[in-house]
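Engineer: Here is my input, please return the structure:
(3 chains)
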Amino acid sequence: MNWRHKDLIDLDDWTREELNLFLEQANYMEELLNRPIKKVPALRGKLIVNFFFEPSTRTRVSFELAEKMLSADVVNWSSSGSSVSKGETLRDTAWTLEAMGADAVVIRYGAVGSADYLSRKLKKASVFNAGDGTHGHPTQALLDLHSAWKKLGNLEGSRMAIVGDVLHSRVARSNIKAFSKMGVKVILSGPATLMPTDIPSLGAEYDPDPRSAVKDADMIYLLRIQKERQEQGLIPSLDEYHLRYGATEELVSLAGKDALVMHPGPINRRVEIASEVADGEQSIILKQVRSGVAVRMALLYLCLGGVRN
Amino acid sequence: MILIRGVTLFDGVKITEKPLDILIDGEKVVKIAPSLAVEGAEEIDGTGKILCPGFIDIHVHVREPGFEWREDLESCSMAAAAGGYSTVVAMPNTEPAIDSAPLVDFVARKGASLKGARILPSGCVTRERKGHLIAELGKMTAAGAAFFTDDGSPVSTSQILKTALYYTRDLGVRIMEHPEETSLTSGGQVNEGLASSVSGLKGVPASAEYIDVVRGIALSRDTGSPIHFTHVSTALAMDAIRRAKKEGLRVSCDVTAHHLSLDENHVLVSKFDALYKVNPPLRSKADVKALWEALGDGTVDALITDHAPWHNDEKDLPFQEAPFGIASLECSVAVIMDTWLKLGRPVSLERMLQLFTSGPASLLPARWGHLGRIEEGALADLTLLDLEESRDVDISSWNSKGKNCPWKGEILTGWPVMSMIRGSVFKKEI
Amino acid sequence: MPQEKALVMTQQDMFRILKRIAIEIVERNKGLDDVVLLGIQRRGVYLANRLKDLFRDIEEVKVPTGELDITLYRDDIPTLLEQPVVHSTSIPVDIAGKKLILVDDVLYTGRTIRAALDALMDLGRPANVQLVILVDRGHRELPIQADYVGKNIPTSRSEMVEVRVTELDGEDKVVIIERNEV
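Structural biologist: Prediction:
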């Protein structure tokens, strides 16, 4: 099978077959993480710019590790003291990146559509979306898929409950796409103030009650609640949120003891997740992090390794 | 003297099927007859085309004064004439905002003496368009304001709108309301529904438009003053206007070319191309359908462009960072007629043409009441429309400085092929 | 479709040659102590497994056998036609101090073996590395030679040597194919 994607903006046009191949590739990459010398020369001589215009430690570090393990040359261009903060537009930045000879740009940017925009402006370089506002975060979805797939095997016919602030969540949007492509039924839950208005268009269902939403779920995915949602008046208080929607031991027990508990991190203990659950046996939160590096290695290798005609 | 031969005539109300010859002398239409022989007249073959009163667009962002790099009175006038219009109304959200008689006078004078379409001024409802105090509406009326509007925003509070409606009741100049309940739309980028859900962008709900329309209707009822709602984009608001009209209230509205031809899917399919970013946002397919129904049943009074030109440096940004607006003055007639043809002519041709001519003319103050019709002795503002003409939207040939056009490169059918303003031909492409 | 130009090894030839090589390995290493077989993905893996079976039959020894994917170490990816996807690397024992028998199907430019050696060095420090090759077709670009050669087959650059194994291709044989110039 030929790998046809040069960029990853979002997972809309990835097929299930491609996702399966991808997951397998990520497994082989994870193998490398167990070796005494974790570095391979696959992307030697490739210049990758990590262009991060929103605070993000986890995603950037994960991408950077992946890039370094594949021996790419890595440049971090982030918000402090940058030209964007001095008023340069993304268009000029794109042309600057191209002139520098970047082979790929990993972009995290606050505006929806910024990764799409960058890929239209760059003639040659690959673009990897590390989060464009509230729209998409496809590598997070791939790593979530990888860690769940490793635990559960074939995901066809399984159920995932995503609980929390779906309205503002790029993670939820990308995850719904990735998991439903693999045959997973996705049920969203959380306060109606934090839900998009047209949930069927996302390919998911809504259950306002998290208790029934997690019932029979194979995966419970908790979304991070930003403190500003309380300031915006979308939830009355973080405490009330925890009581009604937080992943407590009681809530998780409704799903059964084999259900996986997942979270994109960083976690807010006693808001969307109780410590006993985050640190408990069903939690695969740290496995997700490990999958993150492997998945990003697979992505970089498949899209940048080799030469396309 | 100019003699247009063998055209189908639309006089502002109805179409005469039999071909007619029309003679123009100086600024006037002097003779209309089945067959005219005039020596020394320049002849234009109008066979197979429709001669209409000059098209009128009551909602154009001319950008002068203050933003001349985006557009100015001169370029806008040429663009309008090239687009088939002979009269357009300039919106007052300039810098400074057109909120006083001298500024209205500036646009009125300059707008009357341009090479292309005439540009009529409008004035702000409130001083500096800030929504606190009503502007000098009487003085601006005298200076020639065609509408009062805080367009770009709604009139800030119900109390100020009510005051302005009372105050303008006997001035003969309508208030044009940009219907938007801003507490529901703050930060909004796309239609609330499919587009907001899929993109994660903040949605602009249909109810925000509906609530402001209902407010305007209630206050029009209270004050007995007419009100005009511009760029109405939702089925919900259209229903409210339809009911108000049935009730006999003096309520009117217009619809843009883009809301009739594009919907929220374009934002998604284009992968967030900022060319599709506009306020009010592109709505659902159901809304588009409802707008076409409203054209047909008389709820809508006029078609507009809401031409909003931007310099490429300002508009060529990621969707969420880009400003709202579409530049369409030079293709809007074709956009609308092409959509109308593709939909299988859901509305009668007469009705469509009224919405470009006598419809908007009826909303203008009495001093412009002579526009929008063709008869012997009328001012020779004419638009020649060819429903069979197909060509691409070539923004490189545009007179407008704004190239932010989502239809660029598209082939459309149904173009204005000649505009005549005050008896002189602007463009002749026969 | 490329045309098969010549059959250079039948199933029986392959079996005989591998058996001869197995015996050579035993001789040269004075038995099979500390010997580890490592097949290079993809066809080398199956050839290594054949050798493992032969050792079991001949010497009644179970030789640790692993597989090595060198995709991430290649420097000739641009010349490959297919998108090179990664395959599994699994090495059953710590290779430090072991006699590593690297197995591949065809030795051509030597770049695959260079990559395999790089990969091996990252995995540990074997006592020595020996190379088994079923077909040596010449045209070396690097100073690399095999310790055990099944057959030398002089070829032109326009030809391809294709080793087929039952597990992947449904049959055991080696053929020469003329590359169709497009």
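Engineer: Checking the residue most central in space within chain C next. Helix, strand or coil?
Structural biologist: Centroid-nearest residue in chain C, with CA atoms, centre = their mean: C:Asp104, separated by 0.8 Å. Under the three-state scheme (DSSP: H, G, I helix; E, B strand; the rest coil), C:Asp104 adopts strand.
Engineer: next one: C:Leu131
Structural biologist: C:Leu131 ends up strand, using three-state DSSP.
Engineer: List the buried residues for stretch B:138-157?
Structural biologist: B:140-141, B:143-156 (16 or more other CB atoms under 10 Å in any protein chain shown). Quick note: C-beta positions are derived from backbone N, CA and C, even for glycine.
Engineer: How about stretch C:115-126?
Structural biologist: Buried-residue list, stretch C:115-126, by 16+ other CB under 10 Å: C:115-120, C:122-124, C:126.
Engineer: Can I get it in CSV, CA atoms only?
Structural biologist: Once non-C-alpha atoms are left out, stretch C:115-126 reads as follows in CSV (Å, rounded to 0.1, in the frame of the first residue of the first chain):
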residue,chain,number,x,y,z
ALA,C,115,21.9,-0.2,6.9
ALA,C,116,21.5,-3.5,8.7
LEU,C,117,25.0,-3.1,10.3
ASP,C,118,24.0,0.4,11.4
ALA,C,119,20.8,-1.0,12.9
LEU,C,120,22.7,-3.8,14.6
MET,C,121,25.3,-1.5,16.2
ASP,C,122,22.4,0.4,17.8
LEU,C,123,21.0,-2.8,19.2
GLY,C,124,24.1,-4.0,20.9
ARG,C,125,27.7,-5.2,20.5
PRO,C,126,27.9,-8.7,18.9
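Engineer: That stretch close to chain A?
Structural biologist: Yes - interface with chain A: stretch C:115-126 contributes C:118-119, C:122-124 (CB under 8 Å from any CB of the partner chain).
Engineer: Now pLDDT and secondary structure too, for the buried residues of stretch C:115-126, in TSV please.
Structural biologist: Shown next, in TSV, are those (pLDDT from 0 to 100; DSSP: H, G, I helix; E, B strand; the rest coil):
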residue	pLDDT	secondary structure
C:Ala115	92	helix
C:Ala116	94	helix
C:Leu117	94	helix
C:Asp118	91	helix
C:Ala119	91	helix
C:Leu120	91	helix
C:Asp122	87	helix
C:Leu123	88	helix
C:Gly124	89	coil
C:Pro126	94	coil
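Engineer: Please spell out the segments of chain C that come in under the pLDDT threshold.
Structural biologist: C:1-2, C:76-83, C:180-182 (pLDDT under 70).
Engineer: Select the longest helix from chain B.
Structural biologist: helix B:206-223 (DSSP state H).
Engineer: what about C:Asp57, distance to C:Gln12?
Structural biologist: 16 Å (CB to CB, to the nearest Å).
Engineer: returning to that earlier point: report the mean per-residue pLDDT for the longest helix of chain B.
Structural biologist: The average pLDDT within helix B:206-223 is 98.
Engineer: Pull that helix out as PDB, backbone CA atoms only.
Structural biologist: The C-alpha trace of helix B:206-223 is given here as PDB (Å, rounded to 0.1, in the frame of the first residue of the first chain):
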ATOM      1  CA  ALA B 206     -30.400  32.300  13.600                       C
ATOM      2  CA  SER B 207     -32.200  33.400  16.700                       C
ATOM      3  CA  ALA B 208     -29.900  36.400  17.100                       C
ATOM      4  CA  GLU B 209     -31.200  37.700  13.800                       C
ATOM      5  CA  TYR B 210     -34.800  36.700  14.600                       C
ATOM      6  CA  ILE B 211     -34.700  38.500  18.000                       C
ATOM      7  CA  ASP B 212     -33.500  41.800  16.500                       C
ATOM      8  CA  VAL B 213     -36.100  41.600  13.700                       C
ATOM      9  CA  VAL B 214     -38.800  41.000  16.200                       C
ATOM     10  CA  ARG B 215     -37.600  44.000  18.200                       C
ATOM     11  CA  GLY B 216     -37.600  46.200  15.100                       C
ATOM     12  CA  ILE B 217     -41.100  45.000  14.100                       C
ATOM     13  CA  ALA B 218     -42.500  45.700  17.600                       C
ATOM     14  CA  LEU B 219     -41.000  49.200  17.600                       C
ATOM     15  CA  SER B 220     -42.200  49.900  14.100                       C
ATOM     16  CA  ARG B 221     -45.700  49.000  15.300                       C
ATOM     17  CA  ASP B 222     -45.300  51.200  18.300                       C
ATOM     18  CA  THR B 223     -44.000  54.200  16.400                       C
END
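Engineer: Tell me the first helix or strand C-terminal of the lowest-mean-pLDDT helix or strand in chain A.
Structural biologist: Every helix and strand of chain A was ranked by mean pLDDT, DSSP states H and E. The lowest is helix A:228-231, at a mean of 87. Downstream of helix A:228-231, the next assigned helix or strand under DSSP states H and E is helix A:238-245.
Engineer: Any buried residues in that next one, and which?
Structural biologist: Quick answer for helix A:238-245 (16+ other CB under 10 Å): A:238, A:241-242, A:245.
Engineer: okay, the residues you listed in a markdown table with pLDDT next?
Structural biologist: Formatted as a markdown table, those follow (pLDDT from 0 to 100):
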| residue | pLDDT |
| --- | --- |
| A:Leu238 | 94 |
| A:Tyr241 | 96 |
| A:His242 | 96 |
| A:Tyr245 | 97 |
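Engineer: how about those in CSV, adding distance to chain C?
Structural biologist: Output for the buried residues of helix A:238-245, formatted as CSV (distance: CB to the nearest CB, whole Å):
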residue, distance to chain C
A:Leu238, 44
A:Tyr241, 43
A:His242, 43
A:Tyr245, 41
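Engineer: For chain C, just list every one of the helices.
Structural biologist: Using DSSP H, helices in chain C cover C:11-28, C:43-59, C:111-123, C:166-169.
Engineer: for the stretch 151-300 of chain A, that is, sorry about that
Structural biologist: With DSSP state H, counting those that start in this stretch as the criterion, the stretch 151-300 of chain A has helices at A:170-181, A:210-214, A:228-231, A:238-245, A:249-255, A:275-278, A:285-304.
Engineer: picking up where we left off before, just flag the most distant two among the buried residues of stretch B:138-157.
Structural biologist: Maximum pairwise distance among the buried residues of stretch B:138-157 (CB to CB): 25.2 Å, between B:Gly144 and B:Ser156.
Engineer: Go ahead and flag the most central residue of chain A.
Structural biologist: A:Gln140 (1.4 Å).
Engineer: Double-check that it belongs to a strand.
Structural biologist: No - note on A:Gln140: no strand contains this position according to three-state DSSP, which reports helix.
Engineer: Hmm, A:Ser56 and it touching each other?
Structural biologist: No - at 10.7 Å, A:Gln140 does not count as touching A:Ser56 under the criterion of CB atoms under 8 Å.
Engineer: Quick check: neighbours shared by those two?
Structural biologist: A:Gly131 (CB atoms under 8 Å, 6 or more residues apart in numbering or on different chains).
Engineer: Residue 43: neighbour count?
Structural biologist: With no chain named, the answer covers chain A. Per other CB atoms under 10 Å in any protein chain shown, the neighbour tally for A:Leu43 reads 25.
Engineer: hm, I was asking about chain B
Structural biologist: The number of residues near B:Glu43, taken as other CB under 10 Å, comes to 14.
Engineer: do B:Gly409 as well
Structural biologist: With other CB under 10 Å as criterion, B:Gly409 counts 9.
Engineer: For it, give me its contacts.
Structural biologist: Per CB under 8 Å, 6+ apart, neighbours of B:Gly409: B:392-394.
Engineer: Relative to B:Val335, which of the residues you listed is nearest.
Structural biologist: So of these, ranked by how close each gets to B:Val335 (CB to CB), first place is B:Val393, at 8.2 Å.
Engineer: re earlier: just send the buried residues of stretch C:115-126 back as CSV, with distance to C:Asn152 too.
Structural biologist: CSV is the format used below for the buried residues of stretch C:115-126 (distance: CB to CB, whole Å):
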residue, distance to C:Asn152
C:Ala115, 23
C:Ala116, 20
C:Leu117, 22
C:Asp118, 26
C:Ala119, 26
C:Leu120, 25
C:Asp122, 31
C:Leu123, 30
C:Gly124, 32
C:Pro126, 27
